[in-house]
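*Asks:* I would like to see how this sequence folds:
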Amino acid sequence: MDDATPSRAYGVLALTDTFEELLGPVLPIRLEAVLLPFKRQIIYDGFVVPYRIYFGRGVREELNEDY
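*Replies:* Here you go, the predicted structure:
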């Protein structure tokens, strides 16, 4: 993503289990999922693929700033 493209954050609803139950309590986490609009909300298709990588302090601060 280049600097001219604005950042976007989406609030995604969990389907049955909470995201903490699915992914654990440590945030941020990178994952792959299909997002779907449903009754004026955003949900995912039920499948998530987490990438177990560590975000350093600088990246976490930048993510928080963008959020």
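*Asks:* Ile43: how many residues sit nearby?
*Replies:* Counted by other C-beta atoms under 10 Å, the residues lying close to Ile43 total 16. In short, each C-beta sits where N, CA and C put it, glycine included.
*Asks:* For the helix or strand that contains it, the averaged confidence score.
*Replies:* Assessed by DSSP states H and E, Ile43 sits inside strand 41-51. Mean pLDDT, computed over strand 41-51, is 86.
*Asks:* max-length helix in this structure?
*Replies:* If you go by DSSP state H, the chain has its longest helix at helix 57-66.
*Asks:* burial of Arg8, as a residue count?
*Replies:* Neighbours of Arg8 under the rule other C-beta under 10 Å: 7.
*Asks:* does it count as helix, strand or coil?
*Replies:* Per DSSP: H, G, I helix; E, B strand; the rest coil, the secondary structure class of Arg8 is coil.
*Asks:* how much space between it and Arg60?
*Replies:* To Arg60, Arg8 is 18 Å away according to C-beta to C-beta, to the nearest Å.
*Asks:* hang on, the earlier thing: would you mind listing the outside residues contacting the strand holding Ile43?
*Replies:* Strand 41-51 is contacted from outside by 10-13, 15, 22-23, 29-36, using C-beta atoms under 8 Å, 6 or more residues apart in numbering.
*Asks:* Identify each buried residue in that strand, please.
*Replies:* For strand 41-51, the neighbour count (16 or more other C-beta atoms under 10 Å) marks 43-44, 48 as buried.
*Asks:* possible to save these as TSV with distance to Gly56?
*Replies:* Formatted as TSV, those follow (distance: C-beta to C-beta, whole Å):
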residue	distance to Gly56
Ile43	31
Tyr44	27
Val48	23
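*Asks:* From the contacts of strand 41-51, which land in helices?
*Replies:* Among these, DSSP H puts 22-23 in helices.
*Asks:* starting at the chain centroid, how far to the helix or strand bottoming out on mean pLDDT in the chain?
*Replies:* Within the chain, judged by mean pLDDT, DSSP states H and E, the helix or strand with the poorest mean is helix 57-66; its value is a mean of 82. With C-alpha atoms, centre = their mean, to the nearest Å as the basis, helix 57-66 stands 14 Å off its chain's centre.
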